[in-house]
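Peer 1: sequence isn't available, so here's the structure alone:
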């Protein structure tokens, strides 16, 4: 059994129209909409949030966004505020994804500001950290992850409303994945940073693995002490693969027994 309750969160990135989102969510909730064994979240693009929210009503599946801006309102063309996400039904938000860092130049300080804004609004921030292949090969993996984690959490005091996702950038969308031992090594280092900042509460912060978790490797990854779930990319775009991950997670939480819902 996982030390903390497993969270399986699907990051859809820039995929799915509103109609496609409604169809995918309907397929997911038909199977695991009532599960209490694990936490399940879907994070569609902004344009599909309303459609997804409609299909999630009355279920235990959480709705998340992929980004948020630091201001409440104003002349910020193209941005979305925390209150807008709350109004549409979001309960969590992905922050600092490597693609946001790479393509949009988001800094640790900016991600830190977003984390605080999300928490203040009652959104659960899923804060992403991780190294590139060149950084890993240069032996800077721990330095990079430490800098990103410390920077993103500077001044954050609410450990109860926080999730970290470790995403080795070289394993995202490439089909490559860190071995369970490689992933655990970094998760353990992140755990130590969390305990240093938050004390015992840091041991309760869930740390997700975000480097191409799929049904073939999920079981071994989730067996590791400090891996509390997955931030799922490509495997979240098809209900069959995403539900397979939920089933695996349910089995882990229930000591190998079938889930209490219909996912088994």
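Peer 2: Received the coordinates, thanks. The structure presented is a predicted model; accordingly, all values stated were derived computationally and were not measured.

Peer 1: do a quick rundown of the strands in the chain.
Peer 2: Under the criterion DSSP state E, the chain carries strands at the ranges 7-11, 39-43, 62-65, 92-95, 124-129, 163-166, 206-209, 229-232.

Peer 1: may I see those organised as JSON lines, with mean neighbour count, distance to residue 146 and mean pLDDT added?
Peer 2: Every residue, glycine included, has its C-beta placed from N, CA and C. Conversion of the strands of the chain to JSON lines gives the following (neighbours: other Cβ atoms under 10 Å; distance: least, Cβ to Cβ, whole Å; pLDDT from 0 to 100):
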{"stretch": "strand 7-11", "mean neighbour count": "27", "distance to residue 146": "23", "mean pLDDT": "98"}
{"stretch": "strand 39-43", "mean neighbour count": "26", "distance to residue 146": "26", "mean pLDDT": "98"}
{"stretch": "strand 62-65", "mean neighbour count": "22", "distance to residue 146": "26", "mean pLDDT": "98"}
{"stretch": "strand 92-95", "mean neighbour count": "25", "distance to residue 146": "18", "mean pLDDT": "98"}
{"stretch": "strand 124-129", "mean neighbour count": "26", "distance to residue 146": "9", "mean pLDDT": "98"}
{"stretch": "strand 163-166", "mean neighbour count": "26", "distance to residue 146": "12", "mean pLDDT": "98"}
{"stretch": "strand 206-209", "mean neighbour count": "26", "distance to residue 146": "14", "mean pLDDT": "98"}
{"stretch": "strand 229-232", "mean neighbour count": "28", "distance to residue 146": "19", "mean pLDDT": "98"}
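
Peer 1: near the closest residue to residue 195 other than its chain neighbours, how many other residues are there?
Peer 2: Computed as Cβ to Cβ, 6 or more residues apart in numbering, the closest residue to residue 195 that is not its neighbour in sequence is residue 202, at 3.9 Å. When neighbours are defined as other Cβ atoms under 10 Å, residue 202 has 18 of them.

Peer 1: now residue 202: how far from residue 228?
Peer 2: 13 Å (Cβ to Cβ, to the nearest Å).

Peer 1: coming back round to it: so which of the strands of the chain gets nearest residue 29?
Peer 2: Closest to residue 29 of the strands of the chain is strand 39-43 (Cβ to Cβ; 9.0 Å).

Peer 1: return the residue of the protein that is most distant from the centre.
Peer 2: residue 75 (29.1 Å; Cα atoms, centre = their mean).

Peer 1: residue contacts, it?
Peer 2: If you count contacts by Cβ atoms under 8 Å, 6 or more residues apart in numbering, residue 75 has none.

Peer 1: quick check: closest non-adjacent residue to residue 19.
Peer 2: residue 51 (7.2 Å).

Peer 1: and for the one you found, the neighbour number?
Peer 2: 20.

Peer 1: please apply the same query to residue 174.
Peer 2: Applying other Cβ under 10 Å, I find that residue 174 has 12 neighbouring residues.

Peer 1: any idea how far the nearest residue to it once chain neighbours are set aside is from residue 9?
Peer 2: Leaving aside its chain neighbours, residue 174 sits nearest to residue 212 (7.0 Å; criterion: Cβ to Cβ, 6+ apart). Distance of residue 212 to residue 9, given as Cβ to Cβ: 14 Å.

Peer 1: what about the nearest residue to residue 62 once chain neighbours are set aside, distance to residue 50?
Peer 2: In this structure, residue 62 finds its nearest non-sequential neighbour in residue 41, 3.9 Å apart by Cβ to Cβ, 6+ apart. To residue 50, residue 41 is 17 Å away according to Cβ to Cβ.

Peer 1: and the pLDDT for residue 255?
Peer 2: Looking at residue 255, its pLDDT reads 71.

Peer 1: what's residue 67 sitting at in phi/psi?
Peer 2: With angles defined as degrees, to the nearest 10, residue 67 sits at phi -170, psi 160.

Peer 1: verify the contact between it and residue 99 for me.
Peer 2: No - when contacts are counted by Cβ atoms under 8 Å, residue 67 is not listed as touching residue 99 (10.1 Å).
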